[in-house]
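A.B. asks: using only what follows, build the 3D model:
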Amino acid sequence: MTPTIRFKLSLMMFLEFFIWGAWFVTLGTYLLKNLNTTATQVGAAFLTQSIGAIVAPFIIGLIADRFFSAQKILGVLHLLGAALLWLASSAADFSAFYPYILSYMIVYMPTLALVNSISFRQMKNPQKEFANVRVLGTLGWIIAGLTIGWLNWEQNGSLVLTFRMAAGASALLGLFSFTLPPTPPIKKEGKSSVGQLLGLEAIGLLKNRSYLIFFLASVAICVPLSFYYGFTNPFLNEVGMKSAAGVQSLGQVSEVLFMLLIPVFFVRLGVKKMLAIGMLAWVVRYLFFAYGDGNSSYWMLIAGIVLHGICYDFFFVTGQIYTDNLAGEQSKSAAQGFITLATYGVGMLIGSLLSGQIVDAYKTTADLHDWQTIWLIPAGIAAAVLAVFLLLFKDQNVPAKAEEISLAEANVRVEV
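C.D. replies: Here you go, the predicted structure:
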């Protein structure tokens, strides 16, 4: 890549994830405090991500892969997204807010695949070049959180500005996208079936008993994951953490550091131990949240946030590598799409519905919750998934050499 193209792709990644991080982390707090919703409604708002993840393959497969250049579709989607975010910020109640945020996630989720597609098409050696570009996305998410904390929007009740900040960034990326390198669709012979568009051609992997166990564990572990995304920020604000959104960005810092160590750990530990450590980290994280507070046990809250790197990288990134190693050459992309559809689509959808109802069930007063009990529930779910996984999963694959394991091969999308 030329320096100009590298700069454009890096800025694209920065804005892509700055937009998401600018409103998504504090969404639960905004809904509970500004729109006076129930936790069940918060869960419903977060499941729009799952709906977007399910719809995204259709948009990419039916439109981007066949008819229009990826950078133009990216521009149009982000311009639409800017308008929807701005409208969401003007909604007076949840019934008015929900249609806007649902429409927005259906528009936004396909852009996650588009930015990767645009990047890969411009790179001569994605295995070496992609990580350096993609890391700017995580930096964008971190900067968004630090900005919210620095401006003190959580404490002064100004979280509506997060949507307007995200809308401005989305409009900027929408216009900027039309200056990105041309990425025309690759002509394919024949028509793709619905199953191919959704990556269902990779369903044959489930014939492998160990992969089936991993697949089911991936769906199940996304249930406690939904608790983290939906209610960590409201929880931290309720227990008195200052600039909670900024502090939460430590999770992304941890994620980057542990991702760099994945090749070393993968070779030394193998698939089963890596996945198990990732799930164990979920259990420990929620125990820290259950027993941490804003006073003497404040360190537990910080430790729970920092564990995000192990939680995500050791399970999801290792799982992506495991999936890639088992999939045939013709179905690697389909396999990644299939596992993403199952986790961020089905798993997160179930978790979003369940988490909201549980948080509502343990509401003690108008503004307070029994967070200890709430966090012990996802801890228990994660522990049960871990126990079944350790009992049934058999690691029959020899770990790859360190130099063979790369972010590009794993088709990694950092879960910020």
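
A.B. asks: for Val239, phi and psi?
C.D. replies: phi -90, psi 0 (degrees, to the nearest 10).

A.B. asks: how about Lys363?
C.D. replies: phi -80, psi 120.

A.B. asks: so it makes contact with Ala39?
C.D. replies: Yes: Lys363 is within contact range of Ala39, at 7.1 Å (criterion: C-beta atoms under 8 Å). Where C-beta positions appear, they are placed from N, C-alpha and C, glycine not excepted.

A.B. asks: so for these two, which residue has more residues nearby?
C.D. replies: Comparing Lys363 with Ala39 by other C-beta atoms under 10 Å, the one with more neighbours is Ala39, at 24 against 14.

A.B. asks: who's in contact with the more buried one?
C.D. replies: 32, 231, 355-360, 363, 369 (C-beta atoms under 8 Å, 6 or more residues apart in numbering).

A.B. asks: domain-wise, how is the chain divided?
C.D. replies: 1-181, 198-416 (automatic domain parsing).

A.B. asks: quickly, which of those domains bottoms out on average pLDDT?
C.D. replies: The weakest mean pLDDT among these belongs to domain 198-416, with a mean of 82.

A.B. asks: distance between it and the chain's centre?
C.D. replies: 10 Å (C-alpha atoms, centre = their mean, to the nearest Å).

A.B. asks: number the residues from 713 up from this point.
C.D. replies: Sure, I'll start numbering at 713, so the last one becomes domain 910-1128.

A.B. asks: re earlier: overlap in contacts, Lys1075 and Ala751.
C.D. replies: What both Lys1075 and Ala751 touch, as defined by C-beta under 8 Å, 6+ apart, is the set His1081.

A.B. asks: ok so, going back, TSV please, covering the contacts of Ala751 and showing secondary structure.
C.D. replies: Output for the contacts of Ala751, formatted as TSV (DSSP: H, G, I helix; E, B strand; the rest coil):
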residue	secondary structure
Leu744	helix
Phe943	helix
Ser1067	helix
Gly1068	helix
Gln1069	helix
Ile1070	helix
Val1071	helix
Asp1072	helix
Lys1075	strand
His1081	strand
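
A.B. asks: and those residues, which are buried?
C.D. replies: By neighbour count, with 16 or more other C-beta atoms under 10 Å, these hold 744, 943, 1067-1068, 1070-1071, 1081 as buried.

A.B. asks: okay if I get those as TSV plus distance to Val979?
C.D. replies: As requested, the buried ones among the contacts of Ala751 are exported to TSV (distance: C-beta to C-beta, whole Å):
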residue	distance to Val979
Leu744	45
Phe943	36
Ser1067	36
Gly1068	41
Ile1070	39
Val1071	41
His1081	43
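
A.B. asks: what sits closest to Phe947 if chain neighbours are left out?
C.D. replies: Trp1083 (5.5 Å; C-beta to C-beta, 6 or more residues apart in numbering).

A.B. asks: check contacts around the one you found.
C.D. replies: Residues near Trp1083 by C-beta under 8 Å, 6+ apart: 947, 950-951, 1001-1002, 1074.

A.B. asks: hmm, 10 Å instead?
C.D. replies: Residues near Trp1083 by C-beta atoms under 10 Å, 6 or more residues apart in numbering: 943, 946-948, 950-951, 1001-1005, 1071, 1074, 1076.

A.B. asks: just the buried residues out of those, in ChimeraX syntax.
C.D. replies: To isolate the buried subset of the contacts of Trp1083 in ChimeraX, counting by 16+ other C-beta under 10 Å, use the following:
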select :943,946,947,948,950,951,1001,1002,1004,1071,1074
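
A.B. asks: enumerate the positions of stretch 874-893 that are buried.
C.D. replies: 874-879, 881-886, 888-889, 892-893.

A.B. asks: quick one: Thr874 from Val931, how far?
C.D. replies: 30 Å (C-beta to C-beta, to the nearest Å).

A.B. asks: make that Tyr742, sorry
C.D. replies: Going from Tyr742 to Val931 by C-beta to C-beta gives 28 Å.

A.B. asks: so which of those two has more stuff around it?
C.D. replies: Neighbour totals were compared for Tyr742 and Val931, and Tyr742 leads with 26 against 18 (other C-beta under 10 Å).

A.B. asks: check contacts around the closest residue to that one other than its chain neighbours.
C.D. replies: Nearest non-adjacent residue to Tyr742, counting by C-beta to C-beta, 6+ apart: Leu871, 4.1 Å away. Residues in contact with Leu871 (C-beta under 10 Å, 6+ apart) are 735, 738-739, 741-743, 745-746, 801, 860, 865, 945, 957.

A.B. asks: looking at those, which is nearest Ala756?
C.D. replies: Closest to Ala756 out of the contacts of Leu871 is Leu743 (9.6 Å), distances taken as C-beta to C-beta.

A.B. asks: for the closest one, grab phi and psi.
C.D. replies: Per degrees, to the nearest 10, the backbone of Leu743 is at phi -70, psi -40.

A.B. asks: please report how far the spatially closest residue to it that is not a sequence neighbour lies from Ser802.
C.D. replies: Computed as C-beta to C-beta, 6+ apart, the closest residue to Leu743 that is not its neighbour in sequence is Thr749, at 4.4 Å. Here the criterion is C-beta to C-beta. By it, Thr749 lies 16 Å from Ser802.

A.B. asks: the two: which is more packed in?
C.D. replies: Taking neighbours as other C-beta under 10 Å, Thr749 and Ser802 compare with Thr749 leading, 22 against 12.

A.B. asks: in a helix, that's where the more buried one is, yeah?
C.D. replies: No: under the criterion used here (three-state DSSP), Thr749 is coil, not part of a helix.

A.B. asks: ok, it - contacts?
C.D. replies: For Thr749, the contact set (C-beta under 10 Å, 6+ apart) comprises 740, 742-743, 755-757, 805-807, 809-810, 1068.

A.B. asks: of those residues, buried ones?
C.D. replies: Judged by 16+ other C-beta under 10 Å, buried ones among the contacts of Thr749: 740, 742-743, 755-757, 806, 809-810, 1068.

A.B. asks: would CSV of these with secondary structure and distance to Tyr820 be doable?
C.D. replies: Below are the buried ones among the contacts of Thr749 laid out as CSV (DSSP: H, G, I helix; E, B strand; the rest coil; distance: C-beta to C-beta, whole Å):
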residue, secondary structure, distance to Tyr820
Gly740, helix, 18
Tyr742, helix, 17
Leu743, helix, 18
Gly755, helix, 19
Ala756, helix, 17
Ala757, helix, 14
Phe806, helix, 20
Phe809, helix, 16
Tyr810, helix, 15
Gly1068, helix, 21
